[in-house]
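# how would this look folded up:
(2 chains)
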Amino acid sequence: MSGSEEREGGSESPEPGRHGLPELMAERRAKAERLRQSDPGAFPYAFPGAEPIEGILEAYAHLADGEETEDVHRVAGRLAARRGAGKAAFLDLVDRTGKIQLHARVDVLGPELFERLLSLDLGDLVGVDGAVLRSRHGELTLRVDRFQILAKALRPPPDKHHGLSDVETRYRRRELDLIASEDARSLFVDRARIISAVRAYLDSNAFVEVETPVLQPLYGGALARPFTTHHNALDRDLYLRVATELYLKRLIVGGLERVYELGKDFRNEGVSPKHNPEFTMVEWYEAYADYEDEARRLEEVVSHAAAAIGYGGELDFSSPWRRLSFFEAIEAQTGIDLETHRDGESLSAAIAERGLRLPTEGLTWVQLADDLLSKFVEPTLQQPTFVFDYPVEISPLAREHRTRPGLVERWEAFAGGMEIANAFSELTDADVQRERFEAQQRLASGGGGQEFHPYDELFLQALEQGMPPAGGVGLGIDRLVMVLTGRQSIREVVLFPAMRD
RNA sequence: GCCCCGUUAGCUCAUCUGGUAGAGCGCCGGACUUUUAAUCCGGUGGGGCGGGUUCGAGUCCCGCACGGGGCACCA
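The predicted structure follows:
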């Protein structure tokens, strides 16, 4: 250290020093060391019997201002604020369910314990027993009769009033976000409730929850670049799944009739406000159903999920949702009738003619049509909407449309300007499926994109075994949570989103 | 991979044309037995990293890292 302390004269603290992070932490460590010498230590083992704060607030909602009781309750949580007042002090204690004010009084605790309580730092975890009262100013309060530190916080918490707003810190150090933000806590509780509601709906409709391999010898079920890994003992490459579709259909062949899997898929692609490389998807498959049946099911699943968190936003999830055909949707937003522009050249010309900002060079008809949908239609679909009947070329696992040649029985569901689900009347004819895979292979080797559906022989053999007619749906859980909680970025609804190191 | 923007104290934010970087919270010391963004007095802490230009750089230039938005990719 330099000699800068000398001019202070020394009547203040022995170590005026600086108060950057190292000094703040040193201060806390010194307190922790003192605590370690005393009875329960700085990091005791347990604190049984604490009640949720929310329950106490509710149970004593009737207390009048200034009214005191001798009802003693035990709470535990993190110290969030402190307001000293001489021989008394008020502190705020926060747990998962809420915040309660503590009133510390030297005449209750005695000078030594009172001093010890006040020497706690914001961010410390504390357990308290105390009598319930309502302060003159109307705040439900626990008079501190006894307390115990439950863990010393060696690092300072985020700002008690402004919280954490730096998004990088919020995502990288989610625990700080959760400490600082009631909103963040309730968001992730809502996410859990949404997932529970989806499971509960499917469980109560006779779906069997299953687990299929995450590590797969072949990836399939979606056109996406996979993550590759290697199994040492088998000395072979494996892929992290991009979808669960093919395995789940094999279970439908196996006779489980209604199955679902809710879990992570992995796609080795760009990160964006709508894309995280690992994301949560639920897929369900139902024998003897078609895509119309599944549209109704999605409406039910989503309205159950919305109800589970008391959704009160501007989207109307009540049935039936708006329905458009793929062609109608594009015509409505771009004025282009795909029926009259059935090849790439004609469609490119129509796009150019209308001055639409869309690259067309070297793209096929189906690529252009799909780009039109995602660029010009998808962002406009705020209210829940189904887009029905897609071109077969971009839907190799969906069954041909029963009346419209060249199309398949497929819909995608949109809400909040984003795709949230995708479904087919599943293609069950093994020979047609084989041809589709072959067409995909030709497309891939023919140039352009490198991605294609690998030719999955075991899946084809399963279809050859005989698969009942079936409808299947994939629903993006993260995006559903975004829509139901009004968040604009997937990183907001994923606890630990992918970040660069 | 490309384009644009950002990075100042533990946290939240200021800092005109390049000229000694400020505040609130927190923290430390003191006062106060009903405060709640408590209050009052005193103290305390900083320019992402690496170069360059300049008498002098938080400010201008270059590179890097990280973040945000967009593009590409994601049927």
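
# How is chain A divided into domains?
A:21-151, A:184-321+A:383-493 (automatic domain parsing).

# I'd like the average pLDDT over the first one.
Averaging the model's pLDDT scores along domain A:21-151 yields 94.

# mind giving me JSON lines with the domains of chain A and columns for distance to RNA strand B?
(C-beta placed from N, C-alpha, C; glycine too.) JSON lines is the format used below for these (distance: least, C-beta to the nearest atom of the strand, whole Å):
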{"stretch": "domain A:21-151", "distance to RNA strand B": "2"}
{"stretch": "domain A:184-321+A:383-493", "distance to RNA strand B": "3"}
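
# Report the buried residues of stretch A:464-480.
Within stretch A:464-480, the residues that qualify as buried are A:467, A:470-480, counting by 16 or more other C-beta atoms under 10 Å.

# Sorry, wrong one. I was asking about stretch A:350-359.
For stretch A:350-359, by 16+ other C-beta under 10 Å, it's A:350-351, A:356, A:358.

# Of the residues you listed, which ones also sit close to RNA strand B?
Restricting the buried residues of stretch A:350-359 to those touching RNA strand B (C-beta under 7 Å from any atom of the strand) yields no residues.

# Let me know the closest of these to RNA strand B.
Distances from RNA strand B to these, taken as C-beta to the nearest atom of the strand, are shortest for A:Leu358 (7.6 Å).

# mind checking how far the closest one is from A:Phe326?
17 Å (C-beta to C-beta, to the nearest Å).

# can you pull the pLDDT of A:Ser2?
Here the pLDDT value assigned to A:Ser2 is 31.

# on that earlier part again, what is the most widely separated pair among the buried residues of stretch A:464-480?
A:Met467 and A:Asp478 (29.6 Å; C-beta to C-beta).

# per-residue confidence at the spatially closest residue to A:Val493 that is not a sequence neighbour?
Computed as C-beta to C-beta, 6 or more residues apart in numbering, the closest residue to A:Val493 that is not its neighbour in sequence is A:Val481, at 4.3 Å. Note on A:Val481: pLDDT of 97.

# Over to A:Val493?
96.

# Look at it and say how many residues are nearby.
Counted by other C-beta atoms under 10 Å, the residues lying close to A:Val493 total 24.

# Over to A:Ala332?
For A:Ala332, using other C-beta under 10 Å, the count is 12.

# A:Arg155 too?
Neighbours of A:Arg155 (other C-beta under 10 Å): 11.

# surely it meets A:Gly123?
Yes. The criterion here is C-beta atoms under 8 Å, and A:Arg155 meets it with A:Gly123 at 7.3 Å.

# returning to that earlier point: next, give me the two most distant ones among the buried residues of stretch A:350-359.
A:Ala350 and A:Leu358 (10.7 Å).

# Contacts only, for the nearest residue to A:Glu139 once chain neighbours are set aside.
Spatial nearest neighbour of A:Glu139, excluding adjacent residues (C-beta to C-beta, 6+ apart): A:Gln101 at 5.0 Å. If you count contacts by C-beta atoms under 8 Å, 6 or more residues apart in numbering, A:Gln101 has them with A:90-93, A:135, A:139-142.

# about what we covered before: need the residues that contact the helix or strand where the residue nearest to A:Val493 lies.
Under the criterion of DSSP states H and E, A:Val481 resides in helix A:477-485. The list of residues contacting helix A:477-485 from outside it, by C-beta under 8 Å, 6+ apart, reads A:187, A:190-191, A:194-195, A:198, A:262, A:274, A:276, A:279-282, A:302, A:305-306, A:309, A:311, A:313, A:315, A:415-416, A:418-420, A:487-490, A:492-494.

# I'm done for today, thanks for sticking with me.
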